[in-house]
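Asks: Okay, here's the prediction I keep looking at, along with the sequence it came from:
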Amino acid sequence: MATVAQQLLQAREGKNLTIYQVAESTKIRTDHIRALEAGNFDVFSAPVYIKGFVRTYATLLRLDVGEVMRTLEAELAQTKKFREPPSLTGRRRGILDFLTLQLSKLNWKVARVGLVILGVAVLGFAGVLLWRHFHRAEPVVNLPPSVYKPNKPGTGATLPVPAPKNKP
């Protein structure tokens, strides 16, 4: 069975298309087309690019896309670089990855209502705590002790008090 590279090259030459015509039709760069026809998959950083380009190229050439893709999968499975899917983060999954995954599964239309209710409850609880704190506090508790010092008489700092009236 012919490799994907051979199938693409033979089909392009059979239709008398140049690499530039294919690049214009598919919007795939010419160096990528040459790499696909040479079977040089190391040029690409991920298999998703190879699969997308091969699918587009095979569709243009009117090849059996399903068969070409199965052949491509078999060829990529034999390469060391594209045998296993790469890790998205390059590290072990941790709690943050788990939480992010769970948050992505949420139905946000429903969760929004729950978040609003939770926010109102938190604000209400905080309001009750603040109200209790300020209503318990005595305003003069923290004042230092002081001594009463009357003003000097006649300075005008106090109002005169009327003399008591004798009762008849």
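Replies: Thanks, I have it.
Asks: so how many other residues sit close to residue 49?
Replies: Neighbour count for residue 49, taken as other C-beta atoms under 10 Å: 14. Using the backbone N, CA and C atoms, a C-beta is placed for each residue, glycine as well.
Asks: what helix or strand is it on?
Replies: helix 47-60 (DSSP states H and E).
Asks: what pLDDT, on average, does that helix get?
Replies: On average, the pLDDT along helix 47-60 is 92.
Asks: before we move on, what about stretch 28-36?
Replies: Here stretch 28-36 scores 93 as its mean pLDDT.
Asks: Can you list the helices and strands that whichever helix or strand comes after the helix holding residue 49 packs against?
Replies: Scanning forward in sequence from helix 47-60 by DSSP H and E, the next helix or strand is helix 65-78. Applying 3 or more C-beta pairs under 8 Å, 6 or more residues apart in numbering; DSSP states H and E, one finds that helix 65-78 contacts helix 4-14, helix 47-60.
Asks: Export helix 65-78 to PDB, keeping only CA atoms.
Replies: These are the backbone C-alpha positions of helix 65-78, laid out as PDB (Å, rounded to 0.1, in the frame of the first residue of the first chain):
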ATOM      1  CA  VAL A  65     -10.400  10.900   2.700                       C
ATOM      2  CA  GLY A  66     -11.400   8.100   5.100                       C
ATOM      3  CA  GLU A  67      -8.800   5.700   3.700                       C
ATOM      4  CA  VAL A  68      -6.100   8.400   3.600                       C
ATOM      5  CA  MET A  69      -6.800   9.400   7.200                       C
ATOM      6  CA  ARG A  70      -6.600   5.700   8.300                       C
ATOM      7  CA  THR A  71      -3.300   5.300   6.500                       C
ATOM      8  CA  LEU A  72      -2.000   8.600   8.100                       C
ATOM      9  CA  GLU A  73      -3.000   7.400  11.600                       C
ATOM     10  CA  ALA A  74      -1.000   4.200  11.000                       C
ATOM     11  CA  GLU A  75       2.000   6.100   9.800                       C
ATOM     12  CA  LEU A  76       1.900   8.600  12.700                       C
ATOM     13  CA  ALA A  77       1.600   5.700  15.200                       C
ATOM     14  CA  GLN A  78       5.000   4.400  13.900                       C
END
